[in-house]
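**Q** Next come a sequence and a model predicted from it.
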Amino acid sequence: MESPFKADALKGKVALITGGGSGIGFEISTQFGKHGASIAIMGRRKQVLDSAVSALQSLGIPAIGIEGDVRKQEDAKRVVELTFQYFGRLDILVNAAAGNFLAPAEDLSPNGFRTVLDIDSVGTFTMCYEALKYLKKGGPGRSSSGGGTILNISATLHYTASWYQVHVSAAKAAVDATMRNLALEWGTDYDIRVNGIAPGPIGDTPGMSKLAPKEIESSVREFMPLFKLGDKWDIAMAALFLSSDAGKFINGAIIVVDGGLWLSRPRHMPKDAVKQLSRSVEKRSRNAPVGVPSSKL
């Protein structure tokens, strides 16, 4: 699909993307690169990193891959520093690394719960913490005219509740709270914008294959207002918007990109039945004697 953004929307920018070697993270890496940014990808699997970097470079995108685990502060610090050393600056941090799996709460061990929080929420804060000095106004490689951008990939699970994902819901709620607090503090002190994107079901991603296998994908679509899954491209375009000058006055916001799924509820009755009931009530109201209380109809 053709991008609605100019090809130079991120010209001269350097983006570090955790989990940027696959799924949504890789699509963001690709679209950022196609729009002028230099890309550093952080991940735990060397083979995935090498393949992703090779694909980006084949498109003419300056890209490097650095092994690291967001749960380890020493890794976060090293990856941020190596990114700066290689490209001479850091403008955008995208926290896309995440852990997810389905588990009933009674079968989920505290260690499993903790692991997802360590990756999603603690890992997100750790990366932000280590990137701060490079992103803030007047930091290394940056002028005093403005700060950088942080973008967190979140979810909508915690807006209400979600079956078998108490660990992920808790982690993403923490990610969103962290985002808002950093947007307040670092926006005020360092001119850093911090925002989030909450994807819905996105086709052809590792997360979708774990949470909704092919055999139940069609039933998932039936609960979606647009009756279709999203594309990785949809998330990347939202990321481009928030990271480019188009979003220069957006701070502390979450863009939900889920086709309206988080608003969705099963119909209690078919649409035709609702219309018939409405006509019946309207007819009774028109024919009611003047002055008769509606409770007596």
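**A** Nice, thanks for sending it over.

**Q** low-confidence ranges in the stretch 101-250 of the chain?
**A** For the stretch 101-250 of the chain, the stretches with pLDDT under 70 are 203, 205-228.

**Q** Do a quick rundown of the strands in it.
**A** Here the stretch 101-250 of the chain has its strands, by DSSP state E, counting those that start in this stretch, at 149-153, 193-199.

**Q** In TSV: those strands, plus mean neighbour count and distance to residue 166.
**A** Where you see a C-beta, it was placed from the backbone N, CA and C, and this is true even at glycine. Output for the strands of the stretch 101-250 of the chain, formatted as TSV (neighbours: other Cβ atoms under 10 Å; distance: least, Cβ to Cβ, whole Å):
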stretch	mean neighbour count	distance to residue 166
strand 149-153	26	19
strand 193-199	25	18
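
**Q** Compare those and give me the one nearest residue 104.
**A** Nearest to residue 104 among the strands of the stretch 101-250 of the chain is strand 193-199 (23.6 Å), distances taken as Cβ to Cβ.

**Q** Contacts for the closest one next, please.
**A** Identification of contacts with strand 193-199 by Cβ atoms under 8 Å, 6 or more residues apart in numbering yields 24, 128, 147-156, 172, 175-176, 179-180, 182-183, 186-187, 230, 234-235, 238-239, 242, 247-248, 250-258, 262.

**Q** Ok, stretch 171-191 next?
**A** Residues contacting stretch 171-191 (Cβ under 8 Å, 6+ apart): 95, 99, 116-117, 119-121, 124-125, 128, 132, 135-137, 139, 146-147, 150, 152, 154-155, 157-158, 192-196, 198, 251-252, 254.

**Q** what's the neighbour count on residue 170?
**A** Neighbourhood size, residue 170 [other Cβ atoms under 10 Å]: 17.

**Q** tell me the contacts of it?
**A** So residue 170 contacts 113, 116-117, 158 (Cβ under 8 Å, 6+ apart).

**Q** One more: residue 133?
**A** 139-140.

**Q** where exactly do the helices run in the stretch 51-200 of the chain?
**A** 73-87, 110-117, 123-135, 166-190 (DSSP state H, counting those that start in this stretch).

**Q** Out of the ones you listed, which is the most enclosed?
**A** Greatest average neighbour count among those goes to helix 123-135 (a mean of 22), per mean count of other Cβ atoms under 10 Å.

**Q** tell me which residues in stretch 50-58 are buried?
**A** By neighbour count on 16 or more other Cβ atoms under 10 Å, the buried set for stretch 50-58 is 52-53, 55-56.

**Q** Grab the nearest non-local neighbour of the residue nearest the centre of the chain.
**A** Centroid-nearest residue in the chain: residue 153, 2.4 Å away (criterion: Cα atoms, centre = their mean). Residue nearest to residue 153 in three dimensions, not counting chain neighbours: residue 96, with 4.6 Å by Cβ to Cβ, 6 or more residues apart in numbering.

**Q** hmm, back to that, including distance to residue 13, could the strands of the stretch 101-250 of the chain go into CSV?
**A** Shown next, in CSV, are the strands of the stretch 101-250 of the chain (distance: least, Cβ to Cβ, whole Å):
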stretch, distance to residue 13
strand 149-153, 9
strand 193-199, 13
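
**Q** nearest to residue 88, of these?
**A** Across the strands of the stretch 101-250 of the chain, closest to residue 88 is strand 149-153 (Cβ to Cβ), at 17.5 Å.

**Q** angle of the closest one against helix 123-135?
**A** Going by axes from the mean of the first three to the mean of the last three Cα atoms, to 10 degrees, strand 149-153 is angled at 170 degrees with respect to helix 123-135.
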